[in-house]
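Asker: structure here, sequence nowhere to be found:
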């Protein structure tokens with residue numbers, strides 16, 4: 001028992017969430033360099049792939065129950081010694097063939113499920129990378145627009161200050177009151193004569 005505790009502790013250290021997160025981030029950085037945005041799956045395709053996994057072979061309780069209920073004669077070679085006649089042998093042969101067929105079909109379905117899960121994992125991975133890149137791009141744009149907003153706000157303050165520092169023209173004396181209007185261009189260049 002004393003030996004198991006250090007191993008359990010060792011396992012806990014192996015599954016350190018911070019270390020795992022660090023490894024994921026390093027892997028993501030490497031993957032982002034190679035990432036092609038065209039590889040990012042459509043969310044609907046991802047959802048469809050997940051829904052298809054709901055009906056995967058590993059969740060087929062009926063077949064798993066049939067496999068669990070296979071008779072021991074089908075699973076144990078030592079049972080062959082109990083066969084006494086040809087009819088028993090043929091009966092066992094049919095059972096073994098049926099079991100083989102059931103197991104072969106189930107294994108094929110499990111292999112297909114494994115491929116589907118790997119494909120779905122890759123889709124998730126690419127979707128996650130794409131989302132991280134889009135997030136990074138959006139954050140960069142946000143910073144750019146924050147900078148522009150700060151500049152515009154600064155110009156706005158300066159403009160408001162400048163406007164407040166301009167003299168109030170309504171308080172100045174009327175400089176045009178009582179003066180005769182300027183002559184027109186025709187009056188100025190008219191030849192008297």
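Answerer: All right, it came through fine. Note that the coordinates shown come from a computational prediction; the quantities given were computed from them, not determined experimentally.

Asker: check which residues of stretch 36-43 are buried.
Answerer: Buried residues in stretch 36-43, defined by neighbour count with 16 or more other Cβ atoms under 10 Å: 40-41. For the C-beta atoms, the positions are set from N, CA and C on the backbone; glycine is no exception.

Asker: now swap in stretch 93-111 and tell me
Answerer: Of the residues in stretch 93-111, those scored as buried under the neighbour-count criterion (16+ other Cβ under 10 Å) are 99, 106.

Asker: what about residue 126, how many residues close to it?
Answerer: Summarising burial for residue 126: neighbours were counted as other Cβ atoms under 10 Å, giving 19.

Asker: ok, now which ones touch residue 69?
Answerer: Neighbour list for residue 69: empty [criterion: Cβ atoms under 8 Å, 6 or more residues apart in numbering].

Asker: relative to residue 93, how far out is it?
Answerer: Residue 69 sits 19 Å away from residue 93, taking Cβ to Cβ, to the nearest Å as the criterion.

Asker: low-scoring stretches of this protein, by residue?
Answerer: Along the chain, the model assigns pLDDT under 70 to residues 1-15, 20, 24, 28, 32, 172-179, 192-193.

Asker: what's the longest helix seen in it packed up against?
Answerer: Under DSSP state H, the helix in the chain containing the largest number of residues is helix 86-165. Packed against helix 86-165, as judged by 3 or more Cβ pairs under 8 Å, 6 or more residues apart in numbering; DSSP states H and E, are the following elements: helix 17-34, helix 43-54, helix 61-68, helix 72-75.

Asker: next, the angle from it to helix 17-34.
Answerer: Direction vectors for helix 86-165 and helix 17-34, defined by axes from the mean of the first three to the mean of the last three Cα atoms, to 10 degrees, enclose an angle of 80 degrees.

Asker: residue 119: how many residues sit nearby?
Answerer: Residues near residue 119, counting by other Cβ under 10 Å, number 13.

Asker: alright, calling it a day.
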